[in-house]
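> Quick one, structure for this:
(one chain, ligands or ions: 1)
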Amino acid sequence: MINVLFAARPERWDTYEAPLRTAFAKAGLDVTLSTDLPPAEVDYIVYAPNGPVTDFSPYTRTKGVLSLWAGVEKIVGNATLTQPLTRMVDEGLAEGMVEWVTGHVLRYHLDMDQDICRQDSEWQVHIPPLARHRKVGILGLGELGTACARALTALNFDVAGWSRSPKSVDSIACHHGAEGLEAVLGQSEILVLLLPATPATENTLNAQTLAKLPKGARVVNPGRGELIDDDALLAALNTGHIAHATLDVFRIEPLPTDHPYWAQPNVTVTPHIASETRPGTAAKVIAENIRRGEAGEPFLYLVDRAAGY
Ligand code: NAP
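Residues are numbered from 1 along each chain as shown. Take a look at the predicted model:
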C-alpha cells in the first residue's frame, strides 16, 4: 500500500480525487489517497504551493513531492524540503497556454482593438501584414515556450526564442546567453515571456532590455511577475516605446486595486488565467511518477534545486 497525501487547496480535492484514483488504478498502483494522513506515514505528497503543507520535515519517509504547478519558485527555496521535487508538465496545461498565447499574439498582430474598441463611424481600412512578416520573440523555450513557438510557427509567424542552454527547435531561431537575448529583443515586435521566476530571471525585462525592443513593440507575460521591472515597463508604456502589454502574472496576486497597471490605458490585465493544470491529464503524470518512484526509476520533471526550476 502506497500512502499519498493530497496537499492542495481543499476545493481542488473535488476536481482531483476521481482523476487521481482512476490514474492510480490504471497504473496498477495500490494507493491510499487522502487529504489527511500522519506525516510520518506519507510516501508521496501531491503538492500545490497554496496548499496546507509548508514544513516538510515531519514527512520522514516521503519519497517525492509532486507539484501540480509548473512554476516552483514558491517551494524551491524551502529549507525543510529535502525530498525530491517534481514540477508539473501536463499536456492540458500546455494546450491551454498555446491557446492563450496564440490568442493574444493574434490580437496584436491583427490590431484587433482598432475595430473592436472603435467608438466612431469611420471606415478606416488597415490591412495587417501576414504572420510570415511578423517577428515574435519567446523568452523561455521550455515545455510551454516551445509549444507556443511551434503553434505560432505553424501559423507562419517568424519566431525567435531564448533559453539558458543552447536549443534546437524546427523552424525557430534559437538563441541563448546574454548576446542571444539581445538578438531576440532587437527583432521582437511581439515579445512573449515564458521563463520561470528564479534569481537569474528576475527583471529580465528592465529599462535596458526594454530599450532594445523595437519601438511600438507589444509584450505578453504569462510567465511570472518577477520577470518584469514594473516601473521600467510603465515608463516605456508611457513614452509609447512599448505600445501595449498584456500581463497575466504579477509580483503580488491578486494585483492590488491601486496598482498603476489597472489604470494604464495600454495594459490589459488578466487574473493569472493563462493556463491551468488539467486534472485528467495531470493525474496520469502524477501516477507515472509514483510508479517510477516505486520501481526505483528516475522521476520525470525533477526540479533542479540549484537552478531554481
Ligand atoms: P520549463 O520547461 O522549465 O522552461 C523554462 C525555460 O526557461 C527553459 O527554456 C529554460 O532554459 C529557460 N530559462 C530558465 N532560466 C533561464 C535563464 N536564466 N536565462 C534564459 N533562459 C532561462 O518551464 P515551463 O513548463 O515552460 O513553464 C515556464 C513558466 O511558465 C513556469 O515557470 C511558470 O512560471 C509559468 N506558467 C504560468 C502559467 C499561467 O497560467 N500564467 C501557467 C503555467 C506556467 P533551458 O531550456 O536552457 O533550461
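> Pull up the per-residue confidence for the residue in the chain that the ligand sits nearest to.
Residue of the chain nearest the ligand, by C-beta to the nearest ligand atom: residue 142 (1.6 Å). No exception for glycine: its C-beta is placed from N, CA and C like everyone else's. Per-residue confidence (pLDDT) for residue 142: 98.
> Could you tell me which residues of the stretch 101-250 of the chain lie near the ligand?
Counting by C-beta under 6 Å from any ligand atom, the stretch 101-250 of the chain comes close to the ligand at 140-145, 162-165, 167, 194-198, 200-201, 222-224, 248-249.
> returning to what we had before: which residues touch the residue of the chain closest to the ligand?
Each residue near residue 142 by C-beta atoms under 8 Å, 6 or more residues apart in numbering is listed here: 163, 194, 196.
> follow-up on the earlier one: any chance of a PyMOL selection covering the buried ones in the residues of the stretch 101-250 of the chain next to the ligand?
Only the buried entries of these go into this PyMOL selection, using 16 or more other C-beta atoms under 10 Å:
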select buried, resi 140+141+142+143+144+145+162+163+164+167+194+195+196+197+198+201+222+223+224+248+249
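> quick check, distance from stretch 2-18 to the centre of its chain.
22 Å (C-alpha atoms, centre = their mean, to the nearest Å).
> mind listing which of the residues of the stretch 101-250 of the chain next to the ligand are in strands?
162, 163 (DSSP state E).
> How is this structure divided into domains?
For the chain, the structural domains run 2-90+277-295, 91-269, going by automatic domain parsing.
> Buried residues, the lengthiest helix in the chain. List them.
Counting by DSSP state H, the longest helix found in the chain is helix 91-109. By 16+ other C-beta under 10 Å, the buried positions in helix 91-109 come out as 92-94, 96-98, 100-102, 104-109.
> all helices of this protein, in order?
So, for the chain - with DSSP H - the helices run 10-26, 91-109, 113-116, 143-154, 177-187, 207-212, 230-239, 260-263, 279-295.
> Just say which of the ones you listed is most tucked in.
For those, the largest average neighbour count (mean count of other C-beta atoms under 10 Å) is found in helix 143-154, namely a mean of 21.
> So which residues make contact with that helix?
70, 89, 93-95, 97-98, 101-102, 105, 131, 136, 138-139, 141, 159, 161, 163, 169-172, 192, 194-195, 275.
> Apply 7 Å and report the result again.
Applying C-beta atoms under 7 Å, 6 or more residues apart in numbering, the contact partners of helix 143-154 are 70, 89, 94, 97-98, 101-102, 105, 136, 138, 141, 159, 161, 169, 171-172, 192, 194.
> Centre of the chain to that helix, how far?
On C-alpha atoms, centre = their mean, the centre of helix 143-154 falls 13 Å from the chain's centre.
> got the angle for that helix vs helix 91-109?
Helix 143-154 runs at 50 degrees relative to helix 91-109, counting by axes from the mean of the first three to the mean of the last three C-alpha atoms, to 10 degrees.
> Using CSV, list the CA coordinates for helix 143-154.
The C-alpha trace of helix 143-154 is given here as CSV (Å, rounded to 0.1, in the frame of the first residue of the first chain):
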residue,chain,number,x,y,z
GLU,A,143,7.7,22.9,-22.3
LEU,A,144,5.4,25.9,-22.6
GLY,A,145,7.6,28.3,-24.6
THR,A,146,8.4,25.6,-27.2
ALA,A,147,4.7,24.5,-27.5
CYS,A,148,3.8,28.2,-28.1
ALA,A,149,6.7,28.7,-30.6
ARG,A,150,5.6,25.6,-32.6
ALA,A,151,1.9,26.8,-32.7
LEU,A,152,3.0,30.3,-33.8
THR,A,153,5.4,28.8,-36.4
ALA,A,154,2.5,26.7,-37.7
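> how many neighbours does residue 127 have?
Look at residue 127: counted by other C-beta atoms under 10 Å, it has 7 neighbours.
> pLDDT score for it?
As predicted, residue 127 sits at a pLDDT of 96.
> likewise residue 90?
97.
> ok, it - contacts?
277, 278, 281, 282, 285.
> For the residue nearest the centre of the chain, list the residues it contacts.
When C-alpha atoms, centre = their mean is applied to the chain, the residue found nearest the centroid is residue 223 (4.5 Å). Applying C-beta under 7 Å, 6+ apart, one finds that residue 223 lies in contact with 140, 193, 194, 195, 249.
> ok, and the closest non-adjacent residue to the fourth one?
Spelled out, it's residue 195. residue 140 (4.0 Å; C-beta to C-beta, 6 or more residues apart in numbering).
> mind listing what that neighbour touches?
163, 193, 194, 195, 223.
> Need the residues you listed in CSV (columns: distance to residue 121 and pLDDT).
Rendered in CSV, the data for those read as follows (distance: C-beta to C-beta, whole Å; pLDDT from 0 to 100):
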residue, distance to residue 121, pLDDT
163, 48, 98
193, 38, 99
194, 40, 98
195, 44, 98
223, 40, 98
